[in-house]
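A.B. asks: My questions concern the predicted model and sequence given below.
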Amino acid sequence: MNYWLVKSEPVKYSWEQFEKDGRTCWDGVRNFQARNNLQGMRNGDLVLYYHSNEGKEVVGVAKVVREAYPDPTAGDPAWVVVDLAPESRFTRPVTLTQIKNHATLQHIGLLRQSRLSVMPLRPEEFDVIVGLGMG
DNA sequence: GCCAACGTTGGC
DNA sequence: GCCAACGTTGGC
């Protein structure tokens, strides 16, 4: 089991819409590092869902329900997508400020590489954030 | 609105 | 292969 974090601007695709859809194809990734991370996802892996720009908080947990396949919105099959489904919504979203202030989260990808949109998490990072979000 | 970080492009 | 210019992302 691996843990990940994906970012989405809520004006483009929000957690609320994600819940309405019940499942979504995570398309549009055009960055090699993010693409490589998508390819590392396995069915059942858990994924934190972060709202960038507006909100700036982790709002819930998603689950990988289909592993990497070619992105239908890209001309080049080198770009891939995965399918995600909502797993649980946080009772209290975890803000970027909370993440910055938490001792265990000082080395999280979200802080180190602010522009990367798909990144791996350490199990302890995942656990801490879920603990805060569901607490 | 500004700026830092970083990826891409193109000239040399 | 280097580097300047430029575009995009995302926090503030």
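C.D. replies: Now that the structure is in, tell me what you want to look at. Numbering: from 1, shown residues only, chains lettered A, B, ... in the order given.

A.B. asks: what ranges do the strands span in chain A?
C.D. replies: With strands called from DSSP state E, chain A shows them at A:3-8, A:24-25, A:46-51, A:57-70, A:80-95, A:118-121.

A.B. asks: Return the most buried member of the ones you listed.
C.D. replies: Ranked by mean neighbour count, these are led by strand A:46-51 with a mean of 23 (mean count of other Cβ atoms under 10 Å). All C-beta spots, glycine's among them, are computed from the backbone N, C-alpha and C.

A.B. asks: Around DNA strand B, which positions in chain A sit nearby?
C.D. replies: A:Asn31, A:Phe32, A:Gln33, A:Arg112, A:Gln113, A:Ser114, A:Arg115 (Cβ under 7 Å from any atom of the strand).

A.B. asks: change it to 6 Å
C.D. replies: Selection of chain A residues close to DNA strand B by Cβ under 6 Å from any atom of the strand yields A:Asn31, A:Phe32, A:Gln113, A:Arg115.

A.B. asks: looking at the residues you listed, which has the most residues close by?
C.D. replies: The member of these that has the most neighbours, counting by other Cβ atoms under 10 Å, is A:Asn31 with 14 neighbours.

A.B. asks: So which of the residues of chain A next to DNA strand B belong to helices?
C.D. replies: By the criterion of DSSP state H, membership of those in helices covers A:Phe32.

A.B. asks: In JSON lines: the residues of chain A next to DNA strand B, plus pLDDT and distance to DNA strand C.
C.D. replies: Formatted as JSON lines, the residues of chain A next to DNA strand B follow (pLDDT from 0 to 100; distance: Cβ to the nearest atom of the strand, whole Å):
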{"residue": "A:Asn31", "pLDDT": "92", "distance to DNA strand C": "8"}
{"residue": "A:Phe32", "pLDDT": "91", "distance to DNA strand C": "14"}
{"residue": "A:Gln113", "pLDDT": "92", "distance to DNA strand C": "9"}
{"residue": "A:Arg115", "pLDDT": "91", "distance to DNA strand C": "5"}
